[in-house]
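> Would you be able to build a 3D model of this:
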Amino acid sequence: MALVTQSTVPAWKLPFNWLTLDRLLVGLFFAAVFGVGATLNFQSDSWWQLRSGQLIWQSGQIWKTDPFSWTARGAYWPNHEWLTQVLYYGLYRLAGLGGVVLFSAGVITLTWGLLYRLCSGIPRLSRMLLLLLGVPTHIIVWSVRPHLLTLLLMALLLVLMRHRPLHGLIPPLFLVWANLHGGVGMGGLALVVMALAAWIRSRSDWLRFTVITGLSAAATLVNPLGLGLWRFSLGMLNHPQTTYIQEWMSPRLDWPASYPFFALAGAWLVLLVVRRRHVVTLIRQGKDPWLLGILMLGSVYLVLGLTAIRHTALFTIAALPLMAQLGGAFLPSLSITHGWRRGAIYAVLGFVVFELGIIQVVSTVHTLPERCRPLSPAALARIADCPGPLYNSYDLGGPMIWFAPQRPVFVDSRNDPYPLPFLYESVMVEQSGRYQDLFERYEVKCAVVQPQRALATTLAHDPAWQELYRDDQAAVFSWQRP
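Below is the predicted model:
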């Protein structure tokens with residue numbers, strides 16, 4: 001006769017038994033990620049994306065020609081982010097700028113939640129330590145912009161590719177991705193690499209991945225740009241017209257923002273060397289192409305990361321799951337369990353920390369409109385009164401599109417509508433202060449310049465120009481000679 005036992009632990013104690021210290025610390029890790037995400041600021045790109053979303057919302061059409069500048073009005077504009085722009089503007093209408101920021105913080109947190117899942121097979125705290133190594137490589141690209149969605153969808157794609165029953169969801173994912181952000185091409189690259197890994201490792205899986213890749217490619221054509229999206233995505237692998245922008249610069253040893261990437265890449269390479277026999281064994285014996293696929297994908301994204309720091313975040317997404325697979329023997333096996341009394345203490349501690357986090361988030365969102373406003377009301381008033389064609393600094397173009405929509409901009413960070421020589425000349429004028437040729441050609445009579453640029457200093461000392469306004473973010477000048 002079998003002996004039947006029944007738990008003597010009261011039902012009210014069970015949640016506290018579940019809440020172990022390792023679970024609490026992992027939860028606090030994700031709370032911290034969300035808290036950092038909630039402090040994001042708007043970049044120049046964020047403002048013209050909001051205005052574009054408003055324009056699409058109000059007109060009911062997706063604009064593919066420039067509606068914002070006076071120097072390139074009507075030029076072709078591959079607006080590959082239109083769906084994100086509509087989403088951002090919808091969130092703005094619903095919950096203001098704070099709602100857009102909290103949404104972005106949620107996207108960041110969900111991305112790392114998916115990476116936590118991809119690093120399964122090792123204890124919770126070991127996974128958290130591994131993620132802590134990767135988070136600094138993403139912070140440099142954290143801002144209110146559609147690129148965050150590409151990072152999220154890349155992590156989701158790896159989850160779907162890892163589980164065979166979920167493969168059917170990949171083409172619909174690419175349909176949505178193709179309208180959210182041009183980074184969908186990086187996802188297509190991941191599919192091609194995985195199909196190649198399947199061809200090397202398991203011919204039966206090769207046909208499956210080939211079909212999925214073909215269907216996903218067809219799904220990406222359902223977008224306003226058609227095949228033009230493919231050309232744009234391929235162009236993102238090498239973006240010469242934006243090499244003066246920080247995120248398109250190559251990581252360098254004299255640039256501290258590059259250090260987290262170098263640290264993670266070094267750890268990844270060392271782990272491959274130390275565990276090379278284990279890697280070879282897994283690849284030879286296993287029929288699943290997953291391990292070989294993420295090894296190849298990590299190698300591809302490592303090369304891309306060396307060309308532009310923008311791509312280093314993609315390397316992190318591919319590298320961490322492989323490091324979890326291979327580094328289990330080296331990571332400390334941290335798993336902490338205690339009884340219900342300790343669980344109750346952890347619950348109180350977690351609640352206090354959670355409440356402090358909520359207060360921080362509320363405070364951040366409450367002060368956001370003042371904290372991130374790039375153009376003061378006084379500056380905007382001077383811009384509105386300024387006569388004649390207007391010149392603006394590159395980084396002020398996006399804020400002007402949102403805050404001063406009545407004044408078409410000279411240039412802004414969309415880049416694509418503007419000819420490459422024009423972009424370079426505009427940037428060089430700001431950096432050198434030699435404005436005469438450019439201003440004369442475009443008959444500029446008013447200038448809105450970042451005060452720390454050489455151009456602002458030159459105009460301030462030029463008797464032909466009068467300084468109308470200056471603060472820490474913008475200086476407004478007017479031409480005085482007839």
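
> Tell me the spacing between the closest residue to residue 387 other than its chain neighbours and residue 162.
Leaving aside its sequence neighbours, residue 387 sits nearest to residue 445 (CB to CB, 6 or more residues apart in numbering; 5.9 Å). No exception for glycine: its C-beta is placed from N, CA and C like everyone else's. Distance from residue 445 to residue 162, counting by CB to CB, to the nearest Å: 59 Å.

> Check residue 281 too.
20 Å.

> the more surrounded of the two?
Comparing residue 281 with residue 162 by other CB atoms under 10 Å, the one with more neighbours is residue 162, at 18 against 11.

> got the contact list for the more buried one?
Shown in contact with residue 162 (CB atoms under 8 Å, 6 or more residues apart in numbering): 118, 290.

> Next one: it from residue 289, what distance?
According to CB to CB, residue 162 and residue 289 sit 10 Å apart.

> what's the neighbour count on residue 208?
Neighbours of residue 208 under the rule other CB under 10 Å: 15.

> Report the spatially nearest residue to it, omitting neighbours in sequence.
Of all residues not flanking residue 208 in the chain, residue 167 sits nearest, at 6.7 Å (CB to CB, 6+ apart).

> Can you check the pLDDT for that neighbour?
Listed pLDDT for residue 167 reads 93.

> do residue 81 as well
Here the pLDDT value assigned to residue 81 is 94.

> what does residue 471 give?
Reported pLDDT for residue 471: 92.

> quick one: contacts for it?
For residue 471, the contact set (CB under 8 Å, 6+ apart) comprises 376, 378, 379, 451.

> surely the first one meets residue 473?
Yes - distance between residue 376 and residue 473: 7.2 Å, which falls inside the contact criterion (CB atoms under 8 Å).

> Low-confidence ranges, this protein, go.
Applying pLDDT under 70 to the chain flags residues 1-20, 202-203, 237-246, 282-283, 285-288, 328-372, 482.

> Quick check, central residue of it?
With distances taken as CA atoms, centre = their mean, residue 148 lies nearest the centre of the chain, 3.0 Å away.

> so what's the residue nearest to that one when sequence neighbours are not counted up against?
Spatially, and ignoring its direct neighbours in sequence, residue 148 is nearest to residue 107 (4.8 Å; CB to CB, 6+ apart). Residues in contact with residue 107, defined by CB under 8 Å, 6+ apart, are 37, 148, 149, 152.

> what's the answer for residue 130, then?
Applying CB under 8 Å, 6+ apart, the residues near residue 130 are 119, 122, 320, 323, 324, 327, 331.

> Mind putting those into TSV with distance to residue 226?
Converted to TSV, these look like this (distance: CB to CB, whole Å):
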residue	distance to residue 226
119	38
122	44
320	35
323	39
324	39
327	44
331	47
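
> Now do the helices in the stretch 101-250 of the chain.
Under the criterion DSSP state H, counting those that start in this stretch, the stretch 101-250 of the chain contains helices at 124-139, 147-162, 170-180, 184-201, 203-220, 228-235.

> So the residue nearest to residue 182 when sequence neighbours are not counted: helix, strand or coil?
Of all residues not flanking residue 182 in the chain, residue 80 sits nearest, at 3.8 Å (CB to CB, 6+ apart). Using DSSP: H, G, I helix; E, B strand; the rest coil, the structure places residue 80 in coil.

> Tell me how many other residues surround residue 80.
26.

> again with residue 32
Around residue 32 there are 15 residues (other CB under 10 Å).

> Can you identify the element that follows the helix or strand harbouring it toward the C-terminus?
Taking DSSP states H and E as the criterion, residue 32 maps to helix 21-37. Using DSSP H and E, the next helix or strand after helix 21-37 towards the C-terminus is helix 44-59.

> counting contacts, what elements does that following helix pack onto?
Counting contacts by 3 or more CB pairs under 8 Å, 6 or more residues apart in numbering; DSSP states H and E, helix 44-59 is packed against helix 82-118, helix 397-403.

> Contacts only, for the residue nearest to residue 307 when sequence neighbours are not counted.
Distances taken as CB to CB, 6+ apart place residue 250 nearest to residue 307, at 5.8 Å, with adjacent residues excluded. Going by CB under 8 Å, 6+ apart, residue 250 touches 306, 307, 308, 309.

> one more time with 7 Å
Contact analysis of residue 250 by CB atoms under 7 Å, 6 or more residues apart in numbering lists 306, 307, 308.

> on that earlier part again, for the helix holding residue 32, which positions count as buried?
21-31, 33-37 (16 or more other CB atoms under 10 Å).

> cool, stretch 296-304 as well?
296, 297, 298, 299, 300, 301, 302, 304.

> Now the last one. Nearest residue, chain neighbours left out?
Nearest non-adjacent residue to residue 304, counting by CB to CB, 6+ apart: residue 311, 4.0 Å away.

> Backbone dihedrals for that neighbour, please?
Backbone torsions of residue 311, given as degrees, to the nearest 10, read phi -80, psi -10.

> separation between it and residue 268?
Residue 311 sits 15 Å away from residue 268, going by CB to CB.

> what sits against residue 112?
Residue 112 touches 30, 33, 131, counting by CB under 7 Å, 6+ apart.

> Which single one of those residues is nearest to residue 422?
residue 33 (39.9 Å; CB to CB).

> wait, that closest one sits on residue 108?
Yes - Residue 33 lies in contact with residue 108 (CB atoms under 7 Å); the separation is 6.3 Å.

> what's across from residue 76 in the sheet?
Beta-bridge partners for residue 76, by DSSP bridges, are residue 65.

> picking up where we left off before, looking at the contacts of residue 471, which are in helices?
378, 379 (DSSP state H).

> So among the contacts of residue 471, which ones count as buried?
379, 451.

> before we move on, back to that, let's see if you can find the most crowded of the contacts of residue 130.
residue 320 (28 neighbours).

> how far away is it from residue 187?
In terms of CB to CB, residue 320 sits 17 Å off from residue 187.

> circling back: contact partners for the residue nearest to residue 304?
Residues near residue 311 by CB under 7 Å, 6+ apart: 301, 304, 305.

> Any chance of CSV for those, columns secondary structure and distance to residue 467?
Below are the contacts of residue 311 laid out as CSV (DSSP: H, G, I helix; E, B strand; the rest coil; distance: CB to CB, whole Å):
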residue, secondary structure, distance to residue 467
301, helix, 47
304, helix, 44
305, helix, 43
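
> out of those, who's nearest residue 74?
For the contacts of residue 311, the closest approach to residue 74 (CB to CB) belongs to residue 304, at 33.7 Å.

> neighbours around residue 249, how many?
17.

> Hmm, residue 309 and it touching each other?
Yes - assessed by CB under 7 Å, residue 249 is found in contact with residue 309 at 6.1 Å.

> re the thing from before, so what's the residue nearest to residue 208 up against?
Counted by CB under 7 Å, 6+ apart, residue 167 has contacts 160, 208, 212.

> As CSV, these with distance to residue 76 would be great.
As requested, the contacts of residue 167 are exported to CSV (distance: CB to CB, whole Å):
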residue, distance to residue 76
160, 34
208, 38
212, 32
